[in-house]
Each structure stands twice: as structure tokens, then as C-alpha cells.
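> Predicted structure and sequence below. I'll ask about it afterward.
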Amino acid sequence: MGGFTPGFGQPASSPLYGHYGDGNPSPSAPQSAMLKTSVPFGPAAPVGSSPPAIHQFNQGSFQNGPSNAAQQSNRYPAPPPSYSSYYPPSQATYPNSSPSSSAVQLANRLSNMQVNSYSPNNAQAPPPPLTSGIQPSLHGRPPPPQQAALPSGPPISPPPANNLNSHCSPPSFPPGARQEGIPGSSPPNANLLQQQLSNQHPGPGLSPQYGNFAPPMAGAQLSYPGGLPSGPAQLAGPQQKKLDPDSIPSPIQVIENDKISRGGQIYATNIRGQVPPLVTTDCVIQDQGHASPRYIRCTAYCFPSSADMAKQAQIPLAAIIKPFANVLPNETPLYLVNHGETGPIRCNRCKAYMCPFMQFIEGGRKYQCGFCNCVNDVPPFYFQHLDHIGRRIDHYERPELSLGSYEYIATLDYCKNNKLPQPPAYIFMIDVSYNNIKSGLVKIICEELKTVLDRLPREEQEEASTIRVGFVTYNKVLHFFNVKSNLAQPQMMVVTDVSEVFVPLLDGFLVNFQESRAVINNLLDQIPEIFADSNESETVFAPIIQAGMEALKAAECAGKLFIFHSSLPTAEAPGKLKNRDDRKLVNTEKEKMLFQPQTNIYETLAKDCVANGCSVDLFLFPSQYVDVASMGLITMHTGGTLYKYSNFQVHSDSQQFLNDLRKDIEKRLGFDAIMRVRTSTGFRATDFLGAVYMNNTTDVEMAAVDCDKAVTVEFKHDDKLNEDSGALIQCAILYTSMSGQRRLRIHNLGLNCSSQLVDVYKSCETDALINFFAKSAYKAILSQPLKTVREILVNQTARMLACYRKNCASPSAVSQLILPDSMKVLPVYMNCLLKGCVLAGKPEISTDERAFHRQLVMAMDAAGTQLLFYPQFLPIHSMDVSADVFPMAVRCSEDRLSEGGLFLLANGIHMFLWLGVSAPPELIQGIFNVPSFAHVSTEATILPDVDNPYSLKLRAMIDHLQNKSPYSMKILIVKQREQPEMVFRQFLVEDKSVYGGASYVDFLCCVHKEICQLLN
């Protein structure tokens, strides 16, 4: 992104390997699972399928016009200076709460509950439902792909200039047609409805006039008072009519439509450039020559053929790569290819690995590289004859020729110092300062480790894990433990010199858990007792990481540190931190400093950790500011995971923590990894965003990469792309397996290219676009003011949609907002990103919470960011207890709540169960085992185990949502009209936010206003 400098990402792992080319192949190698297709990697996906009807939405003041090419000179140009900030005033009101104190109260609850700032809504009566029919296109021009349009009605002039204080908070919004597939139909007499509405008082200073807008189109249309100005959130004068939310594009409907059309089916990857099902659609994926979308998803599956065209469209060209993604049990795991001492076959020029994109010629004696077109000799051992269509006769017997994803066993050339690696190790490092001992946290950790270590990850063919374990405790000093299996008692060695940390023992520190189980269990029983009388409250942090890294280095193995820490490291030692939580910096030029580390020692330490294959997982238990931006840096750069439990209480938070710990220890992952992305001629990878470290411009280094981490890669043109050969991507990741074997994991994907913008827009995927925009923005805030970043996001959204309106849409009234079908929910997702706690820029939100949220997103895949920014909102009261399916989700808005309902909301990090005051007693009884609403305790974080259909169904739903998320979600029970409801409302992301974020409707107005300016 032009003004943005992108950031960090997240991967995943797969078991079960069949062996190919091995000297002694396993008798159970799943060779029969190979899939036969008629082509090696499939034809190009068709780009011109017939378009469905145009979706039109009545909008009295939406306008489009000719584009100004000069305004698109760079990808992220500065937005027009007239836009101060997109945020409306933050004076949202709530029932029974004082406006002056609501934000402070909410901030306190957010801090206590560890809940991020999202978007609640002003508690107002829901607007009357208004719809109009679908208006088909009558133009003679060839039909474009599906598009949503908001047709015209009489526009309204803005309120007086002295009322403006933000550039997208209009008081009202015009209605529109329902989307195709949404239940409902045209009103019986839309023209009469329009006349009734247009006779109403439009509000102070708002006279109905056309101004610069076109007169209304003929046909059924609805006009609304109010315009698109930067108006205040509240205007004096009569109450204005509001839009029926069902008449603007619904994320829920888009998700459900995709589930209906593609859910439960087999998705075969044999066609180049085909757009996969959405991340929210469950299907079985068959690899037939291109990598599964579980491994690679793209923002567009048809790239523009030239740089000028890409610049015109402003669509980011990027891939979200999750190299170790888990596959479903009924999907084929990756095959393992072994070419013996010769190693993988590669192109002599570009070093791409053998894959389905290589073309064999001259009777099979040579092959032409699909990436650089270099002609290479086929090694004698690899020679095979070609069939009548020029394909090798062993095509389907070799995964590297017929599949999009597979693995190679690497040779010594791929190992450090030409030595085979040792199996990795896990080191557990426990903060035993006063507060952790007294709270009972240390005891919980020790008790859990005694059982969870039985579930250390292992390869499928192994009976037991080969991962070794070690233990350290610390406060101001470090305590190492010798747990060698022949000892009667564990031995403790203390390191007091934290400025020059060394490892006091090698033999007996890293051990096999099964062999040393008795000594380790003895140690874990003793640790809480050894430090029971300690009054030491100060801690160190950097020396602990240094010590763990040195221990792994001395053992000549890669590994992971599990650090359990609770306070700001204030003891005199390297990496000492001070409290710099200065909320006065918010919304100033210096706000970016809050996201930067306060000392460069952590950056240096992260670099050393990556070089030595030392990944860091950090479990934080803060009761006050701990500087997540500094402490979390090592976790992010080393491919680790950060967990945070604010104001940890043993009785209410231990279950969430223990679930996270179990998931984290059991994760399948690769160690000491290096990833490189190669492309065919004409474009290249230019930026990498994720939980990674970049020592140069091409190699992505990760001390470890697990099944949840994804790296987002941006591409740029350096020449014209060939529409026949397409755009090819190969991701190769070299890593050490859990058993200590050096391997190469390869993912290949082919995309289409086109000189027609309409093909590019048709192939876009909104979930991937939002992932890219979020990571790019979160990287940019390290160096740019947040206000600038927000403006860039709004501006680029408008530019993408303006380009479509000008170049791809059928001719129509200039006052229509027209959205490409593939991007019709882009505005709502973009608005959710803008008012999320990282970019919101409000001093009420804790600095640590914003830094924590930023770090999580930098490592997420497209499914993670989609759920985080637009939570799943399920009406529990309408679930069918006898059916296997969940109730259909509803839109995240207060309008969907009802006093007689129960709603479950989950975003991958938080989970709420909202209870209406008139919820059915039988439902309350069935779920909570109490007689009525008044008896439900909001202190509980786990639902009682009741043998009742309602309880069983709800708990099954919750378990399903928990299993899909990398993080365990603590359930917060929220009662209607009680104070905690304000926290819950932050997640109703289509509504206005208490912190000033615009509603979906208002933001759509804002984007349309920018589009109008660009086209004029």
C-alpha cells in the first residue's frame, strides 16, 4: 500500500505423510489417495459468466460521475484536506446512563474484562422497515458482473458548515432494494411511500434540492430527508426517518448465500484462477494441482495484466499464506517426497521447485520452468517418457507433478552447518514473584503441566513425542532445575547475575518427559512451596529470554519458550521498562510511539532468537500497564503467540487460561523456518506482513510457525503479465519438523490475468482484502499518525469503488452508489476495522489492549480477521434443539435484539451470552438451571452442565465455536439493561460506537461522498 508499510503474520501444520521415492516406502503410504484429473493443473477459470440482476438501493443523495485519472497517481495518495477525521462525536447515549460518565465507566469495564473496543449503538427505537423492488438494468451495454447499486432520489443539501465536525456522520440515509436472495419483495405502492416520505420535514436547514446531483430516476424509488454532509451525530429539530437496515448489503446474507450454493460440497482445485468458497463456508477441498485455499487465499484471483491497470483499480494484489494450516480429517494430508541424496529438483535459473507448472519437452529429457521459462535438463534418475498429450506417464504417481501442495525431505545442504538438526525442546519459564504465588497462579500452572506434558506434539508415525522439556523459575534472579531421570530429587541452581546471563547446567536441564516424569512431577509439586514465603515483587524479562535462547543454542536445537509473566519488568537488568502509558498522546503526532518498543534491546533479542530458532510464547497476567508493545515484540518477531488475561482471577479465568495452554502445547508446528515466495515473470512479492522477521527483502524468517499463523504477501507488477500463462505463485518453506527432520513444504497456486477491469473485480475476495488492509494499517501506525492511516483506508475504499463505477458498471443515474458484487460488504467490514480499538484513537481504551489487539491481527488469517471484525451473532432462542444445524446468524446491530430473546456473540477472542429481560423461563431454566431471569448470575464464566436439550445444544454450539478459534473465549453473561451491557454493545459493529465510530449506514454515506468527489 502506497503510504502504508505492511507488518507480520500466522501459519499452520498437517500430519500423516505418504512417502514417495523413499528407499523403503511405508506399506501404509496412502498412494491410493492420489486424485486423477484430465489436466495437470487445470484450465483457466472462465471470466465472463453471465451476470445476475443488478442490486439497486435507493439513495437520494448518492452520485457518481467521471473519474479523474490524475487523482489515482499513487496507490495511497493523501486524502482531500477537507476531511479532518471520519469519526463522528463520541456522545452516544444509552438508556439509564449518564452521557458524561458512560465512556469512563465503559473504559473501566473494558479494562477489567479485557474486552476490546468495538462499536455499540445509540439506543434508539428501530426505524420503520422500508424496501423497494429490484430494478433491472435496461441498458444496451454488455452486462457487467453482479453489482449492488443505490438508485437515486431527490438529494438533500448539507446542513450549515458550522455544524460539521466529522466527515461521515450524516443524520440519515436513504433506503434501498433488498439484495437478491434476501426474503422480501417490493412494497405494494413504492411511489406512494416515496411521496409520503418526501412530504415530511427534512430537518433544520435541509431543503430538498438537486444541487449538483441528477434528478431522480423513473421507477419505484424512495427518498429520505438528510444528506451526506459531515454533520454532527445529533441535530436539533424533528426526529428524522432512518433507513431500513435490511435494504443495504448484509454480510449475513452474503455468507448464507455462499453456504447454500457451495457448502458441504467438494471443491476441487483443478481450475486456474477460480474463486474458492468464502472462509465461512464449510466444504471438502480436493487438491488437484493448485494449493488449497486453507493454505493460500488471494485478494483477487485474476490479476490486472499491467501495472497501469493495477494502479487504476487500486485493488491490493496480495496472498494470505498459512503454510501449516490444519486440514479436515476427510481431506488428504500432505505427501512427503524423498529424492534421496540428490534432494528436490529445482530450476537452474530461478530455483523454483519441481511442481505442476513445469512443462516437460523433448520426449521428457528436458523441462521448461513455468516461472522463468528456463529450459532445464531432467536428471537421469528422474527421467520418464511422455504420453500422447506430452505429459509424463508417472504424472499421477508423483505428488510434485499433480498436486498443489506437498513436502520434500531436505538434504544436508539445507541444514545449518551441514549438520542434521536435533529434535526441538520446550522450556517452561514461570514468574514466581509475590503476586503470582499469592494469587494461586503458580500452583495452577504447575498442576496443569503435570498432565499436559503427556500431550506434547509428535509426528503421526511416532509413538511418543521426541520434544525435550526444561524448567526455569524467576523473579529478580533466575532458577534453573536439573531434572535428570536418575536423580531422587530435582536440583536448583540460581543465577543472580542477570546482566550477563549464562546457563549453569547442560546435562539434566533438557530431558525427555517420559523418562524423567517422576523427577519433573516432584519439581512441579515443590515449586509453589519453595517460593511460598517469597516477598519479591520485582521481575526481570529480557534476561529470561536470553537464558532460554542460550540453553537451546548450547543444546544445538531449535525450540520454544513458554513464559508466564504478570508485571512490568522494573528490576535492574537489561530490558528494564518504565510505565509510559500516556493517554495524552492519543490523537497526536506522537501516538505512534505507544505502539513502538521503548527500548531497542527487545528488537536485538528478537533477531538473536530467530537466528537460533528460539520462538517465544508469552502468557501475560497483568493487573496494570505492562507495555505489551515492548514485551510482545519478541513474541511477534519469533512466530510465537501472545495471550493476555487482565486482572486474572483463579475462580473465573483459570479455565480460559488452561484451555489456551493446552491448545498451545499441543499445536503442530515447524521450527527454525525460512519462507520464500517465488512468482512467474511480470510481478514479484514486495512486502510481507505477519508475525515474522525479515533479515533481507526476500526471506521470511520464523523461529517457529504453527497451524494458526498466516503471512500476508503483497505483489507488484514489474512487467506486463501474459493472459495465457497467468500469474503463478510458489511458496516454499524450509523448516525442522517436530521429530527433528529438515523438510521443505511447497504450495503452488495459479491465477488468471486479464486486461479487462471487470474480470479483476469479479475475482476479488472481500475477506482477504480486509485482512490485507488491517495488517497494512497496523504496520503503518508505527510510522504514521492514526488520522492519516484512517483517511488512507477510507480514500482507498472509495477509489476502488469509484474505478468500478466508472469502468465496469452499466450506465445509470449519477446519484447511484454501485458496488461490485464481490465487494458489496467491503464498506461494512472496512468500517469495523476503522472503529476497532487499534484505530479508534480514544484515550478511554487502554494502550496495552490496543497493542495486544494489533499483535493478534498481525498473525491472523482471513477467517480470523473476518470473525474478529464482524462477530458471529446467533439468536439462541430460535435454535431447533432437535436439528444438527445452528440457528442462522443475524446482523450485529441492536435492532436485532429482542426482550424475549437470548443471543450468543463470538468474535474469536470474546464471547457474550446476552439475556433479554423477558426471555422465556423454560429457556432460562434449561440453560442455567435457575427458575427465572432474576436468578441468573452474571459472575459465571462457564455454563452449568445441565442434562437438558437446550443446555446440550447451546454447549455444543459453544464448543464448536471454541474449537474453531485459536484462542479460548471466556463467556461473559450479560443481562439486558444492566451496566455490563455497555461492553457488549461495543461488538454490535453495525451501530454507532460509544467511542465515536460511525454506523454502517453513516459510513456508506461517507464512502459514497468520497466516490462522488473522485468521479467529479
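Noted; the coordinates are in hand. Numbering: from 1, shown residues only.
> chain center to stretch 452-462: distance?
Centre-to-centre, stretch 452-462 and its host chain are 28 Å apart (Cα atoms, centre = their mean, to the nearest Å).
> So which bits of that stretch are buried?
Neighbour counts over stretch 452-462 (16 or more other Cβ atoms under 10 Å) mark Val452, Leu453, Leu456, Pro457, Arg458, Glu459 as buried. For glycine as for every other residue, the C-beta is placed from the backbone atoms N, C-alpha and C.
> what's the closest of those to Leu386?
Distances from Leu386 to the buried residues of stretch 452-462, taken as Cβ to Cβ, are shortest for Glu459 (36.1 Å).
> where does Met34 land on pLDDT?
Met34 is assigned a predicted lDDT (pLDDT) of 39.
> does Gln962 belong to a helix or a strand, and which?
Element membership for Gln962 (DSSP states H and E) is helix 949-964.
> Tell me the buried residues in that helix?
Applying 16+ other Cβ under 10 Å to helix 949-964 flags Tyr950, Ser951, Lys953, Leu954, Arg955, Met957, Ile958, Leu961, Gln962 as buried.
> wait, which of the residues you listed is closest to Val495?
Of all those, Val495 sits closest to Gln962, with 39.4 Å by Cβ to Cβ.
> Quick check: that closest one touching Lys970?
No. Using Cβ atoms under 8 Å, Gln962 is not in contact with Lys970; the gap is 10.3 Å.
> where along the stretch 451-600 of the chain do the strands fall?
Using DSSP state E, counting those that start in this stretch, the strands of the stretch 451-600 of the chain run over 468-474, 478-482, 491-495, 511-512, 559-565.
> Ala310: which of these is closest?
It is, among the strands of the stretch 451-600 of the chain and with distance given as Cβ to Cβ, strand 559-565, at 39.8 Å.
> what does the average pLDDT come to for that closest one?
So the average pLDDT for strand 559-565 ends up being 97.
> Need the CA coordinates for it. CSV is fine.
What follows is strand 559-565, C-alpha atoms only, in CSV (Å, rounded to 0.1, in the frame of the first residue of the first chain):
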residue,chain,number,x,y,z
GLY,A,559,12.6,-24.8,20.4
LYS,A,560,10.0,-22.7,22.1
LEU,A,561,9.9,-20.8,25.4
PHE,A,562,6.6,-20.7,27.3
ILE,A,563,6.8,-17.7,29.6
PHE,A,564,4.2,-17.0,32.3
HIS,A,565,4.6,-13.4,33.4
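> Give me the residues contacting the very next helix or strand once past the helix holding Gln962.
Counting by DSSP H and E, the next helix or strand C-terminal to helix 949-964 is strand 970-975. Outside of strand 970-975, the residues within contact range by Cβ atoms under 8 Å, 6 or more residues apart in numbering are 113, 115, 652-653, 655-656, 910-915, 917, 933, 936-938, 940-943, 958, 980-981, 983-984.
> ok, so of the buried residues of stretch 452-462, who is nearest Lys322?
Out of the buried residues of stretch 452-462, the member with the shortest distance to Lys322 (by Cβ to Cβ) is Pro457, at 17.6 Å.
> name the helices or strands packed onto the helix or strand harbouring Met429?
Element membership for Met429 (DSSP H and E) is strand 425-431. In this structure, strand 425-431 packs against helix 441-452, strand 468-474, helix 542-554, strand 559-565, with contacts taken as 3 or more Cβ pairs under 8 Å, 6 or more residues apart in numbering; DSSP states H and E.
> Now tabulate the ones you listed in a markdown table and tack on distance to Asp895.
Shown next, in a markdown table, are the helices and strands packed on strand 425-431 (distance: least, Cβ to Cβ, whole Å):
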| stretch | distance to Asp895 |
| --- | --- |
| helix 441-452 | 42 |
| strand 468-474 | 52 |
| helix 542-554 | 49 |
| strand 559-565 | 43 |
